[in-house]
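Trainee: based on what follows, work out the 3D shape:
(one chain, ligands or ions: 1)
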Amino acid sequence: MATSTACATWRHQALGAQLLTAQLGGERPLLYLSPLSACQPLQPARGGVPVLFPQFAQWGPGRKHGFARQLDWQWVGPDEPEADRLSYGLDVLPGQWDGWPHAAQLRLDTRRWADSLDWSLQVRNTGQSAFDWSGGLHPYWAVEDVWATELDGLQSCPGRDQLSGLALSPQAAPWRWGQEGMECLFDGLPDLTLRCATHELQLSGSGFTQWMVWNPGAALAAGLTDLPPGDERRFICVEPVCASRPQHLAPGQTFTGTLSVRWQARS
Ligand SMILES: O=P(O)(O)OC[C@H]1O[C@H](O)[C@H](O)[C@@H](O)[C@@H]1O
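Mentor: Below you'll find the model as predicted:
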């Protein structure tokens, strides 16, 4: 794995500006990080918070989830690694990566509070031509067991099951998961609650337009060489993204997308 920087609060790496581990509310990890990530040099870690840009998944001509997660970002500050904020930046020149013909400047700021973490992703068009991009943040939220976890807030949000291609019906109860996993895109960015046995995470965001909810399930996980057997039960990805509706940026325009997570113990 790429060299990472650690302090008591979190561990992160310049490769992909990826936050790898973070702790909120006691001993439990906020983010899942696969122990097999280390076997994949120069690959984004399987876990933490990858940044996806300029393409979400395989929904375009470029590489899956874009090139930003496979590049070294520059450390922007603070001067000394601190326990409560960190910033990385990435300058993209026309034609530099995968022939993508545009210029952009990305910046990812992360801020920690007593029981919450905030991310802000900025994408600025620094070139002469307009472009459309898709992507967002891909957090792997750590859970004790995804089969005993539920996600509240998306019951009436229009969505699509990406595996079957079918529109989702409104749900009477929060979403739950079993061994089949889930890959669903929801149109809208309502506030959500991810509820585990011991704690819940309150998720909110802005700028991004959709939530992608992904867990590979047992069958797909068996094909992921950087995931130990059974570990697909230890996380759920609830991702603030612009996936099926790319963002348009004219020269000089800036997109800002935010994500906040608040940790709360369950009594
Ligand atoms: O394995 P990765 O390239 O990191 O992608 C992991 C997953 O990310 C997203 O959530 C997509 O919806 C999935 O289609 C994809 O498999």
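Trainee: could you pull out the helices in the chain for me?
Mentor: Assigned by DSSP state H, the helices in the chain fall at 217-221.
Trainee: show me what contacts residue 21?
Mentor: 6, 10-11, 29-31, 33, 48 (CB atoms under 8 Å, 6 or more residues apart in numbering). Using the backbone N, CA and C atoms, a C-beta is placed for each residue, glycine as well.
Trainee: for residue 100, which non-adjacent residue is closest in space?
Mentor: Once flanking residues are discounted, residue 100 sits nearest to residue 54: 6.2 Å by CB to CB, 6 or more residues apart in numbering.
Trainee: repeat that for residue 123.
Mentor: In space, and not counting its chain neighbours, residue 123 is closest to residue 255: 4.5 Å by CB to CB, 6+ apart.
Trainee: count of neighbours near the one you found?
Mentor: 18 (other CB atoms under 10 Å).
Trainee: got it, and residue 111?
Mentor: Residue 111: 14 neighbours (other CB under 10 Å).
Trainee: gap between it and residue 33?
Mentor: Going from residue 111 to residue 33 by CB to CB, to the nearest Å gives 20 Å.
Trainee: residue contacts, the residue nearest to residue 100?
Mentor: Contacts for residue 54 (CB under 8 Å, 6+ apart) come out as 62, 66-68, 100, 102, 104, 131, 133-135.
Trainee: which parts of the stretch 1-150 of the chain are strands?
Mentor: Using DSSP state E, counting those that start in this stretch, the strands of the stretch 1-150 of the chain run over 4-6, 10-13, 18-22, 51-52, 74-77, 85-92, 104-112, 116-125, 131-137, 140-142, 150-152.
Trainee: report the distance from the second one to the chain centre.
Mentor: Using CA atoms, centre = their mean, to the nearest Å, the mean C-alpha position of strand 10-13 is found 15 Å from that of the whole chain.
Trainee: pull the helix or strand with minimum mean pLDDT from the chain.
Mentor: The helix or strand of the chain with the poorest confidence is strand 4-6; it has a mean of 77 (mean pLDDT, DSSP states H and E).
Trainee: so which bits of that strand are buried?
Mentor: For strand 4-6, burial by neighbour count (16 or more other CB atoms under 10 Å) applies to residue 4.
Trainee: grab the most central residue of this protein for me.
Mentor: In the chain, the residue lying closest to the centroid (CA atoms, centre = their mean) is residue 138, at 1.5 Å.
Trainee: wait, doesn't it sit right on residue 65?
Mentor: Yes: at 7.4 Å, residue 138 counts as touching residue 65 under the criterion of CB atoms under 8 Å.
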